[in-house]
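*Asks:* model this:
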Amino acid sequence: MFDQILGLPAHALIIHFAVVLTPLLVAVAAGYALLPRWRAYVAWAVVLLSLAAPATVFAAKQSGESLKAARFATADGELGTRISAHQSFANPLLLSVLGLAVASLLLVYATRPARDSVGRDRFGRPVTLTLSGVTLVLAAVAGYYVFQAGDSGARAVWGV
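*Replies:* Down below sits the predicted model:
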């Protein structure tokens, strides 16, 4: 399933979704956490990106494993080292994006007023501040890992 798309290695195509959607999730989630006035306008984007970004990172990870097994299973030397360095960022990236997605969805839910309240956070300000802090930390971690995965992947391909 994650081997080829129209005869091309799927990984080379799928990673572009992860490389675009993950930084978008990082930026929008951080904006949602830091800028309460914008929450009504970007909540839909946070929800959609929280669902899409982890799925694309998972697909990129799986397609990368398929590519390695199909074409680079015996790679050694400098190329093997670069591929291993790139692959080492897959799990941390997936876990950090999943964590960011969950924290962001919880933050959106917590900041939506309950039916019986007008303009107040569902669980109160301390919960909102805690979830905002967790979201910001996970956004930074996910941003770091998406950069490292992309940079190491580019170095593996281009040998720089």
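*Asks:* which residues does residue 88 contact?
*Replies:* With contact taken as C-beta atoms under 8 Å, 6 or more residues apart in numbering, residue 88 is in contact with residue 152. Using the backbone N, CA and C atoms, a C-beta is placed for each residue, glycine as well.
*Asks:* if I look at it, what pLDDT would I see?
*Replies:* The per-residue pLDDT reported for residue 88 equals 95.
*Asks:* can you name the next helix or strand after the helix or strand in which residue 26 is found?
*Replies:* Using DSSP states H and E, residue 26 maps to helix 10-34. Using DSSP H and E, the helix or strand that follows helix 10-34 towards the C-terminus is helix 39-71.
*Asks:* against which helices or strands is that following helix packed?
*Replies:* strand 8-9, helix 10-34, helix 77-87, helix 90-111 (3 or more C-beta pairs under 8 Å, 6 or more residues apart in numbering; DSSP states H and E).
*Asks:* so what's residue 111 up against?
*Replies:* Residue 111 touches 36, 39, 43, 121-122, 128, counting by C-beta under 8 Å, 6+ apart.
*Asks:* could you identify the buried members of those residues?
*Replies:* Among the contacts of residue 111, those classed as buried by 16 or more other C-beta atoms under 10 Å are 39, 43, 121, 128.
*Asks:* now the second one: closest residue in space that isn't a chain neighbour?
*Replies:* In this case it means residue 43. Nearest residue to residue 43, sequence neighbours excluded (C-beta to C-beta, 6 or more residues apart in numbering): residue 108, at 5.3 Å.
*Asks:* surely that neighbour touches residue 47?
*Replies:* Yes: with contact defined as C-beta atoms under 8 Å, residue 108 reaches residue 47; the gap is 6.1 Å.
*Asks:* the more surrounded of these two?
*Replies:* A count of neighbours by other C-beta atoms under 10 Å puts residue 108 above the other of residue 108 and residue 47, at 20 against 16.
*Asks:* many thanks, have a good one.
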